[in-house]
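Student: fold the following and give me the result.
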Amino acid sequence: MSEYNIHAGFREPQTPGAVLAEALWADLEAAFGIGFTDNSSSYGPSFTWGDGDRWLSVFVTVPPDLDEPSRSHPARITANQPDSDAWANQVFEALDATGRYSMYTIEDDWKLVRTNSELARTQWEEQQD
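Tutor: This next block holds a predicted model:
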């Protein structure tokens, strides 16, 4: 089973991570009619959901690690469904439809799957250097 991680940030720069986490929580619950469990810690907001067949895990770094190239995409959304990338694509498309997020998706081996903005592509490419 591959693990798909969607790295996301608001299209506007330097939004506090807690605000990003609240927006992702609300947008994902509204899109899929699910209820998250809060697992937040001192490292940042974190929340999960699963139904046995699919699961979502969201973690937002607060404050973003400025030494990391992905700093403008501080949210990591792990979307898994056994033997399929369909769930990760549904999550990506739901968030993309809001028009609020810049995102890129990678597979568990750091292979780029898709992006929705030039900023996202640039951020991913910087990580490969």
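Student: tell me what the helix or strand residue 77 falls within is packed against?
Tutor: Of the helices and strands defined by DSSP states H and E, residue 77 is found in strand 75-80. Packing partners of strand 75-80 (3 or more C-beta pairs under 8 Å, 6 or more residues apart in numbering; DSSP states H and E): strand 4-10, helix 17-32, strand 55-60, helix 86-98. C-beta here means a position set from N, CA and C on the backbone, and glycine is covered the same way.
Student: can you give the strand pairings for that strand, parallel or anti for each?
Tutor: Applying DSSP bridges to the sheet, strand 75-80 is found paired with strand 4-10 (antiparallel), strand 55-60 (antiparallel).
Student: pick out the residue closest to the middle of the chain.
Tutor: The chain has residue 77 as the residue nearest its centroid, 3.2 Å off, counting by C-alpha atoms, centre = their mean.
Student: that residue against residue 55, yeah?
Tutor: No - contact between residue 77 and residue 55 fails when scored by C-beta atoms under 8 Å: they sit 11.0 Å apart.
Student: now the residue nearest to residue 51 when sequence neighbours are not counted, what's its secondary structure?
Tutor: In space, not counting the residues next to it along the chain, residue 51 is nearest to residue 34; the distance is 7.9 Å by C-beta to C-beta, 6 or more residues apart in numbering. Going by DSSP: H, G, I helix; E, B strand; the rest coil, the secondary structure assigned to residue 34 is coil.
Student: what residues are up against residue 34?
Tutor: Neighbour list for residue 34: 28, 49, 51, 56 [criterion: C-beta atoms under 8 Å, 6 or more residues apart in numbering].
Student: one more pass at 10 Å, please.
Tutor: Listed by C-beta atoms under 10 Å, 6 or more residues apart in numbering, the contact partners of residue 34 are 28, 49, 50, 51, 54, 56.
Student: please pick the buried ones from those residues.
Tutor: Neighbour counting with 16 or more other C-beta atoms under 10 Å marks 28, 49, 54, 56 as buried within the contacts of residue 34.
Student: got any ranges where the protein has weak pLDDT?
Tutor: When residues are selected by pLDDT under 70, those of the chain lie in 1-2, 13-15, 62-71, 129.
Student: from the contacts of residue 34, which is closest to residue 117?
Tutor: Comparing these against residue 117 with C-beta to C-beta places residue 28 closest, at 19.0 Å.
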